[in-house]
Each structure stands twice: as structure tokens, then as C-alpha cells.
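**Student:** just the structure for this:
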Amino acid sequence: MELLWIPLACAALVVSAVVALRLMRSTGLETVAAGFSSADDDAKERKGFGDLLDSLGARFMGTALRLYGPDRLRKLDLAIRRAGQPDGITVMSYIRRQTGFIVLALVVFVIALLIGQPLLGAGMGILLIVWMRMWLHSTAAKREKMIDRELPDFLDVLGVTVAAGLSFRQAVERISEHHVGPMGQEMKTVLDEMQVGVSRRDALLGLRERNRSEAIASVVTALLQAEELGVPLQDALQEISKDARREHAQMMKVVAAKATPKVSMVVTTTILPAALLLVASALLLSNADLLSGLF
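**Tutor:** Sure thing, here's the model as predicted:
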């Protein structure tokens, strides 16, 4: 039991040193980071393990902001918006949680180093450090797939609404009110930007910038070209919807083709050995008398 005080004391010393370094140095980036925060994160109630991580991260926010810098903060803000701000996360709350994971990773590594398991500590530390980035990337990828799946139906309804006599802005507003999902959220964002004075072209370009989906990029490009060339919006939407469905079908074929080797691997490594074991067991049981005579 006495040996347990050694890693705990070392961890406390590491935390104290980082706190002292943070208090001694000023970031100079508080105003930059405040521009990315859309809500008062401190007013949000946090519980459990997340509360512990946020508490650890809040103590080193200054150092984390200084290491990020304005450029990386802007890139992080774009990445969070591409993921649809899951769980209402902002730049400040993301950095605070990630900093908490980093502090926890350092503590785990120090403890593992003191008990003679540096490789285990390094592996767990790396996993904790990259956890938030992997979560954000995974969330953004899932959201992109949902947008690709919802886009053709959204364009069909938009084309019918425009054909009924509504303008593009009115049609998008009407559909977005009843369309729950990432596609509806993105179009609401476009409408909000247009309401504050952003032109339709710039709002659509912002939509393309926030999403890595090739379907979204194709739709935005086609809408801008239709506007420049004077093509009727209804006809343009019908053609864009057909192209989006065609691209989605091709993408599904590619996904199915990639899934075939995975299915074969599962069958080879699990089902086939089990089937062979079952056949061998049946042969042994059916010839038990003959085999008992041999041995």
C-alpha cells in the first residue's frame, strides 16, 4: 500500500507544475476563442466522468489555447460545424474536454511508467489523446452519409414546391420546417445567413464549404450555374435530383463491392471452422466403437 503513494505523488507534482506554468503565462488568445463560442459553456450542467474531464481541462485552457493558435481554432470551428455541432459542442467546450483527456493521459502514463509498464501506458495515453478527434471525425462521417441519403428526396420536394409557385427561399423555408435531419439543418443555416444579409451565392458556397459531401458540392455547383445561365429553377432541380440519385446508387454499389471481401473473411474465420468442427465431431461420434478398438 505504501508504494501506491509514489505514483500518486508524482501525478500531483505533474499537475501542480502545469498549473503553475499556466498561471505564469498569458495566452493572449482569449478574445479570439471567445469569438468562436456561441453559448456560455460554464452555465451548462455536466455530470459524471465528463464533469471530471472538463474540470481538469478548464485548469489548462490557457495553455491549450496558446498551443492551438488562431488558425487552428478556425479549422477546429469548421470541423465542428461539419459534424453538425453534436451535443451542442462548441470550440471552447471541445478544447476543454480534449485538454482533460490529455491531462488524464499524462497521469495514466506516469502511473504505468512507475509500475513498469511503459508500453501499456503509452498506448492508453495515445488513445486518450486522440479520442476526441476520432469521435468528431466519426460523427462528421455519419452525418455526411445521412446527407447523401436525404439529399435526393429533399431536392424532389424542393422542385415540386418551386413548381407550385414559391420562390427558392420560400420553398426552402417551408421544407426545412418539416424536414428533420442534417439536410434540413444545413438549409436552415443557409436561410439564417441569407436573413442577415448574405447573398444566396455566398450562402450556397458556405454550404459547400461546411460539407465534404460530393453530392452537396455537385448540387451547389449546379444551382449556381443555373442561376448564372438563367435556367428555370424547376428544371434545374429535377436534373440535380436525378444526378444525386445516380451518384448515390453508384456509391451504394461501391459500398456493396467493398463489403463482399469482409463477408467472405467472416465466413472463413468463424462459420467455416465451426462447420468443420461439427462435421468432425459427428464423424467421431458415429465411429466411436471403431476408434475405441484402435486405441
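**Student:** and stretch 77-90, what's buried?
**Tutor:** D77, A79, I80, R81, R82, A83, G84, Q85, I89, T90 (16 or more other CB atoms under 10 Å). Quick note: C-beta positions are derived from backbone N, CA and C, even for glycine.
**Student:** quick check: mean pLDDT of that stretch?
**Tutor:** Averaged across stretch 77-90, pLDDT comes to 82.
**Student:** what's the first-to-last distance across that stretch?
**Tutor:** 8 Å (CA to CA, to the nearest Å).
**Student:** what about D243, distance to G230?
**Tutor:** Using CB to CB, to the nearest Å, D243 is found at 20 Å from G230.
**Student:** which of the two has more neighbours?
**Tutor:** For the pair D243 and G230, the greater number of neighbours falls to D243 (16 against 6), based on other CB atoms under 10 Å.
**Student:** so which bits of the helix or strand harbouring the more buried one are buried?
**Tutor:** Per DSSP states H and E, D243 falls inside helix 233-266. Neighbour counts over helix 233-266 (16+ other CB under 10 Å) mark L233, A236, L237, Q238, I240, S241, D243, A244, R245, E247 as buried.
**Student:** of those, closest to P118?
**Tutor:** Nearest to P118, judged by CB to CB, of those is E247 at 48.8 Å.
**Student:** and the chain, what are its domain boundaries?
**Tutor:** Annotated domains of the chain cover 2-116, 144-249 [automatic domain parsing].
**Student:** in terms of mean pLDDT, which of those ranks lowest?
**Tutor:** domain 2-116 (a mean of 69).
**Student:** and L166, helix, strand or coil?
**Tutor:** Under DSSP: H, G, I helix; E, B strand; the rest coil, the three-state class of L166 is coil.
**Student:** in the chain, which spans are helices?
**Tutor:** If DSSP state H is used as the criterion, the helices of the chain fall at 5-24, 30-36, 48-58, 61-82, 91-114, 118-163, 168-178, 182-195, 200-210, 214-229, 233-266, 272-286, 288-294.
**Student:** out of those, indicate the one that is most buried.
**Tutor:** helix 91-114 (a mean of 21; mean count of other CB atoms under 10 Å).
**Student:** now do the helix holding D243 against helix 214-229, angle only.
**Tutor:** Taking axes from the mean of the first three to the mean of the last three CA atoms, to 10 degrees, helix 233-266 and helix 214-229 form an angle of 160 degrees between their directions.
**Student:** angle of helix 233-266 against helix 272-286?
**Tutor:** Note on geometry: by the same axes, to 10 degrees, helix 233-266 and helix 272-286 are set 40 degrees apart in direction.
**Student:** what packs against helix 233-266?
**Tutor:** helix 118-163, helix 214-229 (3 or more CB pairs under 8 Å, 6 or more residues apart in numbering; DSSP states H and E).
**Student:** who does the last one touch, helix- and strand-wise?
**Tutor:** In other words, helix 214-229. helix 118-163, helix 200-210, helix 233-266.
**Student:** same thing but at 6 Å, please
**Tutor:** In terms of contacts (3 or more CB pairs under 6 Å, 6 or more residues apart in numbering; DSSP states H and E), helix 214-229 is packed against helix 200-210, helix 233-266.
**Student:** which of these sits closest to W135?
**Tutor:** Of all the helices and strands packed on helix 214-229, helix 200-210 comes closest under CB to CB, at 18.7 Å.
**Student:** centre of the chain to the closest one, how far?
**Tutor:** 21 Å (CA atoms, centre = their mean, to the nearest Å).
**Student:** next up, phi/psi of G84, please.
**Tutor:** phi 80, psi 20 (degrees, to the nearest 10).
**Student:** how far away is the residue nearest to it when sequence neighbours are not counted from I240?
**Tutor:** Take G84 and drop its neighbours on the chain: the residue closest to it by CB to CB, 6 or more residues apart in numbering is R143, 5.1 Å away. Relative to I240, R143 is positioned 21 Å away (CB to CB).
**Student:** and D202, by the same measure?
**Tutor:** Distance from D202 to I240, by CB to CB: 20 Å.
**Student:** mind listing what E247 touches?
**Tutor:** A215 (CB atoms under 6 Å, 6 or more residues apart in numbering).
**Student:** any idea which residue sits dead centre in the chain?
**Tutor:** T139 (2.5 Å; CA atoms, centre = their mean).
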